[in-house]
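Visitor: sequence first, then the predicted structure, then my questions.
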Amino acid sequence: MTALDATRAELALLILYLNKAEARDKICRAIQYGSKFLSNGEPGTAQNVDKTTSLARKVFRLFKFVNDLHALISPVPQGTPLPLILLGKSKNALVSTFLFLDQVVWANRTGIYKNKERAELIGRISLYCWLGSSTCGTIIELAELHRLSKSMKKLEKQLKHADKYEDEEYRAKLKKSNERLLALIKLSMDLTVAVGLLQLAPKRVTPRVTGAFGFISSLISCYQLLPARSKAKTT
């Protein structure tokens, strides 16, 4: 393959990536929280970028609540423990509610919905839903990591003296474990971001801390949305 062919292939992957609405949303999210970190809640250009990007992202998420609504009524994989099923469905319900209520906030900021006080209340309720969904997601990832760890240890005993990294099943479980660990880190950061946006601990979780955690969380999301080939090159 020539250098030109390689460049074309890479550009094709980039176009495929940027054509995803979710990827564009997460890129905008990184810009939003990066600006929040720079502004530290002070008026200026960075705060203006934060606010305008936040509003733009709400357009990307219009009717996105349908995705989690569909997941809420979809069957779960066989063998999933009941507590994890309940947590997963709770997470879907909370995310769907958050995204639905967030549309009211967007309507208020664009002037479609005029009741500012009620919109602010709805905005706080939506953030509490996001906080709840992140909490559910964190517990789910911790539980799934524990389940994976137990199954990997069991597999190691079965393999005995053989090289476990040569075993396809073990490598698949290890990859899944790494993916869940990354998801756990992201959800933990999102928890902090939600606490910051709700100002539940204003002295500790300042706008700069919120911005830093939101920016890193956004970068993780961008990575998770990369095509498999691109991920392999970065690891």
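Guide: Structure's in. What do you need?
Visitor: tally of neighbours for Lys89?
Guide: 16 (other Cβ atoms under 10 Å). Heads up, the C-betas are built off the backbone N, CA and C, glycines and all.
Visitor: kindly report the same for Lys160.
Guide: Using other Cβ under 10 Å, Lys160 is surrounded by 7 other residues.
Visitor: how close does it sit to Leu148?
Guide: Distance, Lys160 to Leu148, by Cβ to Cβ, to the nearest Å: 20 Å.
Visitor: what does Leu94 give?
Guide: From Leu94 to Leu148 the distance is 24 Å (Cβ to Cβ).
Visitor: then Asn115?
Guide: 47 Å.
Visitor: of these two, who's got more company?
Guide: Between Asn115 and Leu148, counted using other Cβ under 10 Å, the more crowded position is Leu148 (18 against 11).
Visitor: hmm, Arg180 and that one touching each other?
Guide: Yes. Using Cβ atoms under 8 Å, Leu148 is in contact with Arg180, at 6.8 Å.
Visitor: which ones are touching Lys64?
Guide: Lys64 is in contact with Leu99, counting by Cβ atoms under 8 Å, 6 or more residues apart in numbering.
Visitor: where does this structure have low pLDDT?
Guide: 1, 228-235 (pLDDT under 70).
Visitor: what strand or helix carries Asn178?
Guide: helix 168-198 (DSSP states H and E).
Visitor: most remote residue from the protein's center?
Guide: Centroid-distance maximum for the chain: His161 at 39.2 Å, with Cα atoms, centre = their mean.
Visitor: assign that one to helix, strand or coil.
Guide: Three-state call for His161 (DSSP: H, G, I helix; E, B strand; the rest coil): coil.
Visitor: ok, it to Lys114 distance?
Guide: Distance from His161 to Lys114, counting by Cβ to Cβ: 72 Å.
Visitor: skip the chain neighbours and tell me the closest residue to the residue nearest the centre of the chain.
Guide: Among the residues of the chain, the one closest to the centroid is Ser221, at 5.5 Å (Cα atoms, centre = their mean). The shortest distance from Ser221 to any non-neighbouring residue, by Cβ to Cβ, 6 or more residues apart in numbering, is to Lys26 (4.2 Å).
Visitor: run the angle between the host helix or strand of the one you found and helix 168-198 for me.
Guide: For Lys26, the host element (DSSP H and E) is helix 21-39. Here helix 21-39 points in a direction 50 degrees away from that of helix 168-198 (axes from the mean of the first three to the mean of the last three Cα atoms, to 10 degrees).
Visitor: show residues contacting helix 21-39.
Guide: With contact meaning Cβ under 8 Å, 6+ apart, helix 21-39 is reached by 17-18, 46-47, 49-50, 53-54, 56-57, 60-61, 193, 207-208, 210-215, 217-219, 221-222, 225.
Visitor: buried ones from those residues, can you make that a PyMOL selection?
Guide: The PyMOL selection below is limited to those of the contacts of helix 21-39 classed as buried (16 or more other Cβ atoms under 10 Å):
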select buried, resi 17+46+47+49+50+53+54+57+61+193+207+208+210+211+212+213+214+215+217+218+219+221+222+225
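Visitor: so which of the contacts of helix 21-39 are in helices?
Guide: Secondary structure from DSSP state H places 17-18, 46-47, 49-50, 53-54, 56-57, 60, 193, 207-208, 210-215, 217-219, 221-222 of those in helices.
Visitor: who are the packing partners of the host helix or strand of Arg147?
Guide: Per DSSP H and E, Arg147 falls inside helix 116-159. When contacts are defined as 3 or more Cβ pairs under 8 Å, 6 or more residues apart in numbering; DSSP states H and E, helix 116-159 sits against helix 82-109, helix 168-198.
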